[in-house]
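A.B. asks: this one's structure only:
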């Protein structure tokens, strides 16, 4: 044992190794791509991982339903659904409703122009003056239709015209959302209010029966019911989107912790 230890004493000392300089990272040559970012797992929901949208999108169920309710309300409210036609067809009120439709068209043209979509030539020049020129003109025309300048009717006639205006504006809002805007389901709260008016008119339809009033009241009521159900669907979709965002955030934190452990 001691002999073995004595042999160890006879070993020659090793020469000192020169100090090595720390390695330097060379910059990537110009034009060379940087290392790709880690891919997003397929399990992450697209809605939770995507950035803000500014272009056309596939709209969800709730906005589609609200857009359908707006179309039904507009079409039904064009009829004399609240005021009976015993004294003749209300030509002035119908003309006022068409003026409101024209204002809605100008508003929609403003939405298209803002997103670079084609509109008639004279509207292109008007929209080029200011981003709010076409929507502002549309709102002015709708106010003209709502005012008693064209239709000197009573309160019931004004409610009929207001139903057309609300239907047009809600539909325009859905179209703006489909092109990248924000969706506000609160705007659909006004549509069910007209639905209540349609139900009240159906209760009295037997006393003053009118075919046009019957068709219009049924349409307004259906639009109100559909718009009311839209709010329930919107809350359900918002809950699902919230869960998807939480799941995506949890997966991102897991990937970050895993990357730290491998450093």
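C.D. replies: Received it, and whenever you're ready, just let me know what you need. Quick caveat: nothing in here was measured; it's all calculated off a predicted structure.
A.B. asks: all contacts plus neighbour counts: C-alpha atoms, from now on.
C.D. replies: Will do.
A.B. asks: contacting residues around the helix or strand where residue 109 lies?
C.D. replies: Using DSSP states H and E, residue 109 falls within helix 91-114. The contact list for helix 91-114, computed with Cα atoms under 8 Å, 6 or more residues apart in numbering, reads 78-79, 118-119, 123-124, 127, 131-146, 150-151, 153, 157, 161, 164-165, 168-169, 172, 175-176.
A.B. asks: how near is residue 154 to residue 193?
C.D. replies: 19 Å (Cα to Cα, to the nearest Å).
A.B. asks: the two - which one has more neighbours?
C.D. replies: residue 193 (17 against 10; other Cα atoms under 10 Å).
A.B. asks: the more buried one against residue 224, yeah?
C.D. replies: Yes - at 6.8 Å, residue 193 counts as touching residue 224 under the criterion of Cα atoms under 8 Å.
A.B. asks: which parts of the helix holding residue 109 are buried?
C.D. replies: By 16 or more other Cα atoms under 10 Å, the buried positions in helix 91-114 come out as 93-94, 96-114.
A.B. asks: for this protein, longest helix please?
C.D. replies: Of all the segments assigned as helix in the chain under DSSP state H, the longest by residue count is helix 211-261.
A.B. asks: which helices and strands does it pack with?
C.D. replies: helix 46-49, helix 61-77, helix 190-203 (3 or more Cα pairs under 8 Å, 6 or more residues apart in numbering; DSSP states H and E).
A.B. asks: may I see the buried residues of the longest one?
C.D. replies: Of the residues in helix 61-77, those buried under the neighbour-count criterion (16+ other Cα under 10 Å) are 62-77.
A.B. asks: so, low pLDDT: which residues of the stretch 51-200 of the chain?
C.D. replies: For the stretch 51-200 of the chain, the stretches flagged by pLDDT under 70 are 51-58, 150, 152-153, 185, 187.
A.B. asks: mean confidence for the longest helix of the chain?
C.D. replies: In this model, helix 211-261 carries a mean pLDDT of 85.
A.B. asks: any idea of the angle it forms with helix 190-203?
C.D. replies: 150 degrees (axes from the mean of the first three to the mean of the last three Cα atoms, to 10 degrees).
A.B. asks: chain center to helix 211-261: distance?
C.D. replies: Taking the mean of its C-alpha atoms, helix 211-261 sits 11 Å from the chain's own mean (Cα atoms, centre = their mean, to the nearest Å).
A.B. asks: from residue 240, how far off is residue 233?
C.D. replies: Counting by Cα to Cα - residue 233 and residue 240 are separated by 11 Å.
A.B. asks: those two: which is more packed in?
C.D. replies: residue 233 (18 against 11).
A.B. asks: how close does that one get to residue 188?
C.D. replies: 12 Å.
A.B. asks: got it, and residue 156?
C.D. replies: In terms of Cα to Cα, residue 156 sits 21 Å off from residue 188.
A.B. asks: neighbour count for those two, which is higher?
C.D. replies: Counting neighbours by other Cα under 10 Å for residue 156 and for residue 188 shows that residue 188 has the greater number, 25 against 13.
A.B. asks: so residue 59, which state does it fall into?
C.D. replies: Remark: residue 59 carries the secondary structure label coil [criterion: DSSP: H, G, I helix; E, B strand; the rest coil].
A.B. asks: check contacts around it.
C.D. replies: 177-178.
A.B. asks: what distance do you get for it to residue 194?
C.D. replies: 25 Å.
A.B. asks: what does residue 255 give?
C.D. replies: From residue 255 to residue 194 the distance is 51 Å (Cα to Cα).
A.B. asks: when those two are compared, which one has more neighbours?
C.D. replies: The neighbour comparison of residue 255 against residue 194 (other Cα under 10 Å) goes to residue 194, with 25 against 15.
A.B. asks: I figured the more buried one was touching residue 222, is that so?
C.D. replies: No - Residue 194 is beyond contact range of residue 222, at 10.0 Å (criterion: Cα under 8 Å).
A.B. asks: quick revisit: now, among the buried residues of helix 61-77, which is nearest to residue 214?
C.D. replies: residue 76 (9.9 Å; Cα to Cα).
A.B. asks: many thanks, I have nothing further to ask.
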